[in-house]
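1. Provided below for reference: sequence and predicted model.
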Amino acid sequence: MINDELNWQKIIKIGASSLGSSIGTAIISEMFSSENSAQEAVKQAVEEICDRVKKIIDQAFLDHYVANCDSIARRLQGYPESGDVNILHGIYDDGSDLVSDLVRFETFEGITALVYICTLHLTDIKALSEIDSGYKATLSRCGDEYAALCEPRGDKLVYFTNVSVGDAMYANSGLYDMITAPTTSNSYPTLKYRFNFVDEWDENLDTKVHIYDSDPISLTDPLWYTESPGIPRYRLTEAGRNSSSIQRLYLSAKNEIISQRDTFLNDRLEITNNMRENIRKACDEWRNL
């Protein structure tokens, strides 16, 4: 999977690399280089991440809390041109409140928004410290506090991702054997195994369960199965289950569903592991402000 850089990652990297050296206005201009880039910056960043990891977004959270984050991004973008220090003071107060609100949401969206707003708030304090040296101590204190808040939450992003995909489920009893009756083209009953894993982040019942059916195999030996009225009509016998050809079918299909499940999960983990690393690097820089 090609993991193109997320906009969220770009903002976090700028904050991590520039807060200790560049001036505040330069950092802001680098973060929001185009006219409308801050319009819905946090909302779009959260949506982009959730889309990339195939997660249904918490719309209520997005509409309420992320809208407040976007307000801060828009005001911060306007500061370099206006030079109005009141903008920075307003962001300082509102940003502190917003961080306090977001720490309550230990969810995928909540953590993503929290790290973003901590970056913007530290950028705001950096700009204030260039006007009032008293804010240098505030910048150092908030850098330590935000690093302590965000770094362990990077691990939680990876944990949430790991548990978002269920284990591969495969047949281990006759209840799961799928045996179809003989047909005019095949005089033997036919067996295949059905395996699946569940995507816990997918709320669509039609796509939530990922299914894999094995290749069919004809039950050419009558000792491999029993037939009786009712459902299921056919059942594998112990002899059938121990047959080398049926065991090969079973193990091949089992390995295939495990491979599909692991590939699906690893595509997500590639993104969230990179996000965790971005957070760790940012926190290392924040502690040295």
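-> All right, it came through fine.
2. what are the ranges of the strands in the stretch 151-289 of the chain?
-> Along the stretch 151-289 of the chain, the stretches classed as strands by DSSP state E, counting those that start in this stretch are 177-180, 190-198, 209-213, 217-218, 225-227, 234-236.
3. contacting residues around the first one?
-> Residues lying outside strand 177-180 but in contact with it, judged by Cβ atoms under 8 Å, 6 or more residues apart in numbering, are 171, 189-194, 213, 219, 225, 232-236. Every residue, glycine included, has its C-beta placed from N, CA and C.
4. picking that back up, please render the strands of the stretch 151-289 of the chain as JSON lines that adds mean neighbour count to the earlier fields.
-> Conversion of the strands of the stretch 151-289 of the chain to JSON lines gives the following (neighbours: other Cβ atoms under 10 Å):
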{"stretch": "strand 177-180", "mean neighbour count": "17"}
{"stretch": "strand 190-198", "mean neighbour count": "19"}
{"stretch": "strand 209-213", "mean neighbour count": "15"}
{"stretch": "strand 217-218", "mean neighbour count": "16"}
{"stretch": "strand 225-227", "mean neighbour count": "15"}
{"stretch": "strand 234-236", "mean neighbour count": "20"}
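5. could you redo the ones you listed as CSV and give each row distance to Met275?
-> Converted to CSV, the strands of the stretch 151-289 of the chain look like this (distance: least, Cβ to Cβ, whole Å):
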stretch, distance to Met275
strand 177-180, 40
strand 190-198, 23
strand 209-213, 24
strand 217-218, 44
strand 225-227, 51
strand 234-236, 46
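6. out of those strands, which comes closest to Gly166?
-> strand 190-198 (3.9 Å; Cβ to Cβ).
7. in this protein, which ranges drop under the pLDDT threshold?
-> Residues of the chain that meet the criterion pLDDT under 70 lie in 1-3, 37, 171-177.
8. give me that answer again for 90
-> 1-7, 15-25, 32-43, 56-70, 81, 169-187, 194, 227-236 (pLDDT under 90).
9. Grab the longest helix from it for me.
-> Using DSSP state H, we find that the single longest helix of the chain is helix 244-286.
10. hang on, the earlier thing: among the strands of the stretch 151-289 of the chain, which comes closest to Arg276?
-> Relative to Arg276, the nearest member of the strands of the stretch 151-289 of the chain by Cβ to Cβ is strand 190-198, separated by 23.4 Å.
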